[in-house]
Each structure stands twice: as structure tokens, then as C-alpha cells.
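Undergrad: structural data only, the sequence is not supplied:
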């Protein structure tokens, strides 16, 4: 007996996407179901970049449909990232669909390392990604991305983004010498941030990752008021002093209406390279408690590992230095969860409405 569309729909309702924890019918991912006798073909369009997930999902769909009676099964899987809503009154920037801010309450918690690996992980999953180094006083992304030189300006007004490991990047670090201190007051710093963001000719980005300076000062306020941010990631360690400041950062984003995508806990455990003993040097459970208190998600926990630091310092962060390793997989999982949370948020509809111009004729 030939399989029918109701059976196909029933099978797809039973299949749960491990990244969204929802079935493919509920997420409206299934398109173009075609049935010819015992043969079935369909498309699955994910709302997040998930190149590493395509084949496992395809195999699962094929297996389940064959068990339901289909003989020939063809499944095409792809991703489509669209712009999502940002703070009220802030317009999207041409060429950038979504902006992810990576923040921490205090310095030294591995925020820049998290930001660069998040950007590289999104790119590894098939997205077009940019990196904006918003830490004007202490830019570290040129080193971490292994990029040297100065950005070009083809028109004398705007900058071409630099490139490293397949992602576009801009930083004040590209424009000054390494030893030059930025002895600037707040207004100059915030103006520099806006210029780096708006005067760079970004080329059709699905995501721009913004590596913020630590704290809740001028840069964060400018970001909240003038930059269209889709969501923020808070980076902390399990240490109480880091968590106190991380909570402040989280509450700041809540106050200004920027959704929190989740929390990343760095230096969560230390595994002894000699004996394999796992120890919680900076305490344990702090980020989990914080997430419970604020109703947000613990996106991932990363070990205190010399390799993560060494790889970032050498200009080849973990996701590109050891793509098959366990730490790179944690970063990719964090990236997919961030992208899923964005995909599930309200879409940006401003492009759907025409601009109405009133003229006296």
C-alpha cells in the first residue's frame, strides 16, 4: 500500500530536532512534500545554521519514512537565517541580519575567547559571520583571529572588513599600533564604536558578533540605545565575584530590552593532565543558579584548559585549531543554541512594510 501525506506528516511530527527540542512540523521546517507511489521527497529548512546536523537529521528522516512504508526517500536539508526583531526605535543596519553581543560583568573571564569561538562556530555551521571588536581600550580580536595589516578604504569614507578564518572583522586594533594606548574619554570611545559598526562595508552577514568590553559603561549604553542587538550572551566563571558582576550585566540588558540568549560558564572544571582528576577550582553550580534565578539558559560550560588560551593567543582559536575536539564541539553546540534562540524570537517585519512618503503636489 502506497504511503500518503498524512502518514508522512505523522512521521515528521514524531521526529524531534535535538537543537530546537521541537518536531519539524511544529517548527514549520518541512517544505515541498511530494509523493509518487511509494516514493517520497521533501525539503527541510532549518531556521539556524546547522551544517553539522544536516546528515544526521537526513538519515533519521529517511529511516523513519522507510519504516512507515516509503520505498524511495529523497530529503534535502538546508538553512535560512532571517533578520529578527531588535530594541524598539532602533533600525537594522544594511547588510547585517542579526547582531549578537557577547558581554561580561568583569574582565578576565574569557569573554573575547568565547566571542571569537562563537563567531567561528557559527561560520563552521554554514553562516556568514562578522566580528566587531568593541573593546576600544583593549582590542584582542586582531591577535585572536591572526589578522595583521590595515583595512582598505575604497571610497575614502568607509572601511573594508578584514578577513580571518572565513569571517569578516573590524577592530580599532587594525587602525593603531599594538603599543599605542587609547587615552580617550567616553564620548570618543562611543563615537569610535559607532563608526566601526556603521562605516564598515559588511558583506551580507547572517550574524555579527560584538565583543564588548567588560562592565556596564558607556559602550554598553551606546550599544543598547543605538545598535540593533538581536540578543546577548553573558560570559562568567563559577567564581562568586564573577557571578555578582555577571548578574549586573544580565540585568542591564534586561532593562534596555535586549533579550538574553543565555550564559556561558568558562573555567568550569579543571582536568589534571597527569592523572585525569576533575576539580572545581573556582567553585561549581554558580552559573546554573544564576540561570535559574533569571529564567535563562546555561548555553555551555567550558573547562579551564591551557589549550584554549594557547590557541587563541596564536591566532588559531579552538574551533579552527582542533575542529574535531571536544571543546570545539561545546562551542558549536553553544553557537547552535544561540542561533535557535534567535530563530525562535520575533522576526523583523520592517522590510515587509512600504515606506510611506507624503508630498505636496
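TA: Alright, I've got the coordinates. Just so we're clear, the structure is a prediction, and the values are computed from it rather than from any experiment.

Undergrad: so what's the closest residue to residue 151 other than its chain neighbours up against?
TA: Using CB to CB, 6 or more residues apart in numbering and skipping residues adjacent in sequence, the residue nearest residue 151 is residue 159, 4.5 Å away. Bear in mind the C-beta positions are built from the backbone N, C-alpha and C, glycine included. Applying CB atoms under 8 Å, 6 or more residues apart in numbering to residue 159 gives the contacts 151-153, 170, 196, 199-201.

Undergrad: does residue 202 belong to a helix, a strand or coil?
TA: coil (DSSP: H, G, I helix; E, B strand; the rest coil).

Undergrad: quick check, pLDDT for it.
TA: pLDDT, residue 202: 96.

Undergrad: adjust the sequence numbering to begin at 27 for everything that follows.
TA: New numbering, starting at 27: the last item is residue 228.

Undergrad: now for it: which residues touch it?
TA: Contacts of residue 228 (CB under 8 Å, 6+ apart): 119, 121-122, 156, 187, 194, 234.

Undergrad: what secondary structure category should be reported for residue 91?
TA: Residue 91 is classified as helix under three-state DSSP.

Undergrad: who touches stretch 275-287?
TA: Applying CB under 8 Å, 6+ apart, the external contacts of stretch 275-287 come out as 112-114, 126-127, 129-131, 241-242, 246, 250-251, 255-260, 289, 316, 320, 322-323, 325, 363-364, 367-368, 371.

Undergrad: are any of these buried, and which?
TA: When the contacts of stretch 275-287 are checked for burial by 16 or more other CB atoms under 10 Å, the buried set is 112-113, 126-127, 129-131, 241-242, 246, 250, 255-260, 289, 316, 322, 325, 363-364, 367-368, 371.

Undergrad: just these: which are in strands?
TA: Those of the buried ones among the contacts of stretch 275-287 mapping onto strands are 126-127, 129, 257-260, 289, 325, per DSSP state E.

Undergrad: how about the secondary structure of residue 118?
TA: Three-state call for residue 118 (three-state DSSP): coil.

Undergrad: quick one: pLDDT of it?
TA: pLDDT at residue 118 comes out at 90.

Undergrad: how about the nearest residue to it, chain neighbours excluded?
TA: residue 254 (5.0 Å).

Undergrad: these two touch, right, that neighbour and residue 114?
TA: No: using CB atoms under 8 Å, residue 254 is not in contact with residue 114, being 10.5 Å away.

Undergrad: now the helices for the stretch 77-226 of the chain?
TA: 77-93, 137-150, 167-170, 212-224 (DSSP state H, counting those that start in this stretch).

Undergrad: just to revisit the earlier point, how far away is the residue nearest to residue 118 from residue 126?
TA: For residue 254, the distance to residue 126 (CB to CB, to the nearest Å) stands at 11 Å.

Undergrad: then residue 205?
TA: Residue 205 sits at a distance of 31 Å from residue 126 (criterion: CB to CB).

Undergrad: tell me the SS of residue 283?
TA: State at residue 283, reduced to three classes by three-state DSSP: coil.

Undergrad: what values do phi and psi take at it?
TA: Phi and psi for residue 283, reported as degrees, to the nearest 10, are phi 80, psi 20.

Undergrad: count of neighbours near it?
TA: A total of 13 residues lie near residue 283 under the criterion other CB atoms under 10 Å.

Undergrad: same question for residue 307.
TA: Residues contacting residue 307 under the criterion other CB under 10 Å number 13.

Undergrad: and it, what is it in contact with?
TA: Going by CB under 8 Å, 6+ apart, residue 307 touches 293, 296, 330.

Undergrad: which of those fall within helices?
TA: Counted as lying in helices by DSSP state H, out of those, is not a single one.

Undergrad: can you put these in TSV and add neighbour count, distance to residue 71 and pLDDT?
TA: What follows is these, written out as TSV (neighbours: other CB atoms under 10 Å; distance: CB to CB, whole Å; pLDDT from 0 to 100):
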residue	neighbour count	distance to residue 71	pLDDT
293	23	38	91
296	15	41	86
330	19	39	90
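
Undergrad: turn these into a markdown table, columns for distance to residue 348.
TA: Compiled in a markdown table, these are given as follows (distance: CB to CB, whole Å):
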| residue | distance to residue 348 |
| --- | --- |
| 293 | 18 |
| 296 | 18 |
| 330 | 16 |
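
Undergrad: how many other residues sit next to the closest residue in space to residue 154 that isn't next to it in sequence?
TA: Spatial nearest neighbour of residue 154, excluding adjacent residues (CB to CB, 6+ apart): residue 232 at 4.8 Å. Residues within reach of residue 232, counting by other CB under 10 Å, total 23.
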